[in-house]
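Chemist: Okay, sequence plus prediction incoming.
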Amino acid sequence: MITESRATVEFHGGTARSGPLCWGQQGTWDSLSLWYPQVKPFFFLTRWLPVPLLLELGDVLDVVGELLLRHESLRTLVDQRPGGEPTQRVLASGTLSIDVYDRPADDPVQFGDIVDTCWERGTAQALDHSRELPLRLSVALHDGIPVVIAFALSHLAADFTATEALVRELTAMLDAKAAGTPLPPARQALQPLDIALAERSPDGQRRNIDAVRHLRSVLDRMPDPITPQAVPESPRFIGANLESDILAVAVRRAARRCRTSTSVVLLAITSALVRCFWPDPLLRLDIMQSNRTTPDIAAATTTLNQVVHTVTDLTGESLSTMLEVAARTMTLAITHSRYDNRSAREVIRTSGRDLAPGVQFNDMWSTLHKGRTSADPSPSALTWPAVSDAENMAIYLDIRGTPHRILLGAMVDTAILPRPGIAAFLLTFERVAVELAEADVSLDRVRDLTVENATSP
């Protein structure tokens, strides 16, 4: 029988300070206030990692305490008074309560099931960011020996890139602890409050003015909403995932052949596929940017993602045309990707225009550290993990996974693309990438592949 208990991580010696949220945090805070928990499930990033042999529970707690000291976002509370702006308060010292699950040697429960339980419990209740640290952590033991760490991290504390970096750092720290060597040094990075203060400097305000000016030009080109193409299902939005080793290999090869980035390749294929069913030559395209363009910000543990509104042209004859458009669009998005969300909302409000639903493109995979290609690729897998009635875009495309395997996730409005079309979209994405890795692909060919996959059983 598994024994459940609680342990406490203590951290001391930090610096207490407070100040405004950075722009990335502000956008996440606004989303949390708007959507969660009434409309959508709480927004956590969940991860697990093994614990090296020879470590005791106390060793693990010590390492976690050091991790909290290194990253202010993990020991930060956020308050917002009615009518006021949110404020982050970095704690100099404090405690974090941890769930501990001890499995006897003869217990049949698998550690994978214990991790699932940790995640379920860690994400079941909304975080009170004004009172709770943004991290819920569990340690699974085997007869008293730590085996696995599982955690749920608020998106207000870290984005996808920062979470992956935290896993790598915690792994290296635990390995050093087990080896009896000094812990690896902390990464040199700006803390969230440092970023927030820099954004309020003259240079930061000039960046915001430039981004807002660009937004006005985009709103001038924004197309009108399109009419539904089909009778929607209920729930109206359907999520589908394609997991593929082949896609990861093909995208990298296509990027090398075309002398561009993997993000541009993924965006170009996305545009080519949307063109197959989108009734307008212009498309509202929202690009999520990680905003990790300099070394001190690249290593920051916080949430920096911001949406950049763009309008893209879907006309052309081949993928080479789409690649050129995608490269220009991505460059503009990177240039104008950091801004004050409140300023942007005011510009949209006073423009008198509603943003037409379009496509949101979020490439998190390209930021992963490159790894070896799998010598024995696993078969691709198509799953249908989610449904929703509360979305405001026609398509959300999230690209994540591991260095050698892409998880291509789509949440799609069935009034725009019915269920068979969603499957065809994802399956054709893989086929087009494979062909693009060898040669240019005509848009007629993309359409033929889409029709083929939509009609195949």
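Modeler: Arrived safely.
Chemist: what ranges do the strands span in the stretch 201-350 of the chain?
Modeler: Secondary structure of the stretch 201-350 of the chain (DSSP state E, counting those that start in this stretch): strands at 237-244, 282-289, 306-313.
Chemist: And the last one, what does it pack against?
Modeler: Secondary structure elements in contact with strand 306-313, counted by 3 or more C-beta pairs under 8 Å, 6 or more residues apart in numbering; DSSP states H and E, are helix 23-35, helix 202-221, strand 282-289, helix 319-335. (C-beta placed from N, C-alpha, C; glycine too.)
Chemist: Give the pairing partners of that strand; include direction for each.
Modeler: Strand pairing for strand 306-313, using DSSP bridges, gives strand 282-289 (antiparallel).
Chemist: Just the residues contacting the partner strand, thanks.
Modeler: Contacts of strand 282-289 from elsewhere in the structure, counted by C-beta atoms under 8 Å, 6 or more residues apart in numbering, are 221-223, 267, 271, 274, 305-314, 329-330, 333-334, 337, 355-363, 393.
Chemist: How far does that strand sit from its chain's centre?
Modeler: In terms of C-alpha atoms, centre = their mean, to the nearest Å, the centre of strand 282-289 is found 16 Å from the chain centre.
Chemist: now that strand: mean pLDDT?
Modeler: On average, the pLDDT along strand 282-289 is 96.
Chemist: go on, stretch 84-98?
Modeler: Mean predicted lDDT for stretch 84-98 stands at 96.
Chemist: Quick check: end-to-end length of that stretch?
Modeler: Stretch 84-98 has an end-to-end distance of 33 Å (criterion: C-alpha to C-alpha, to the nearest Å).
Chemist: how is this structure carved up into domains?
Modeler: If you go by automatic domain parsing, the domain ranges for the chain are 3-195, 218-455.
Chemist: Take these and write them to JSON lines, including mean neighbour count and distance to V212.
Modeler: Compiled in JSON lines, the domains of the chain are given as follows (neighbours: other C-beta atoms under 10 Å; distance: least, C-beta to C-beta, whole Å):
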{"stretch": "domain 3-195", "mean neighbour count": "17", "distance to V212": "12"}
{"stretch": "domain 218-455", "mean neighbour count": "19", "distance to V212": "5"}
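Chemist: Put together TSV for those domains, with distance to Q205 on each row.
Modeler: Formatted as TSV, these follow (distance: least, C-beta to C-beta, whole Å):
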stretch	distance to Q205
domain 3-195	12
domain 218-455	9
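Chemist: So what touches stretch 439-447?
Modeler: For stretch 439-447, contacts defined as C-beta under 8 Å, 6+ apart pick out 272-273, 275-276, 316-320, 322, 428, 432, 435.
Chemist: what's the average pLDDT for it?
Modeler: Per-residue pLDDT values over stretch 439-447 give a mean of 97.
Chemist: Check stretch 337-345 too.
Modeler: Across stretch 337-345, the average pLDDT comes to 93.
Chemist: Check the separation of the first and last residues in it.
Modeler: Length of stretch 337-345, first residue to last, C-alpha to C-alpha: 14 Å.
Chemist: Could you shift the numbering so residue one becomes 881, and keep it that way?
Modeler: Sounds good: first residue 881 from here, last item stretch 1217-1225.
Chemist: What lies in contact with it?
Modeler: 903, 906-907, 910, 1079, 1087-1088, 1091-1092, 1095, 1167, 1169, 1171, 1186, 1188.
Chemist: Kindly report the same for stretch 954-962.
Modeler: Identification of contacts with stretch 954-962 by C-beta under 8 Å, 6+ apart yields 891, 894, 901, 905, 909, 947-949, 966-971, 974, 1009-1015, 1036-1037, 1072, 1181.
Chemist: Show me those that map onto helices.
Modeler: Counted as lying in helices by DSSP state H, out of the contacts of stretch 954-962, are Q905, W909, L947, L948, L949, P1072.
Chemist: so the fifth one sits right up against G894, yeah?
Modeler: Yes. Judged on C-beta atoms under 8 Å, L949 makes contact with G894 at a distance of 5.3 Å.
Chemist: what about the residue nearest to the spatial centre of the chain, distance to D1243?
Modeler: Centroid check for the chain by C-alpha atoms, centre = their mean gives F1040 as the closest residue, at 4.3 Å. Counting by C-beta to C-beta, to the nearest Å, the gap from F1040 to D1243 is 10 Å.
Chemist: residues contacting A1135?
Modeler: S1141, T1142, V1144, V1145.
Chemist: Where does pLDDT dip in the chain?
Modeler: Within the chain, the ranges that satisfy pLDDT under 70 run 916-921, 1249-1255, 1337.
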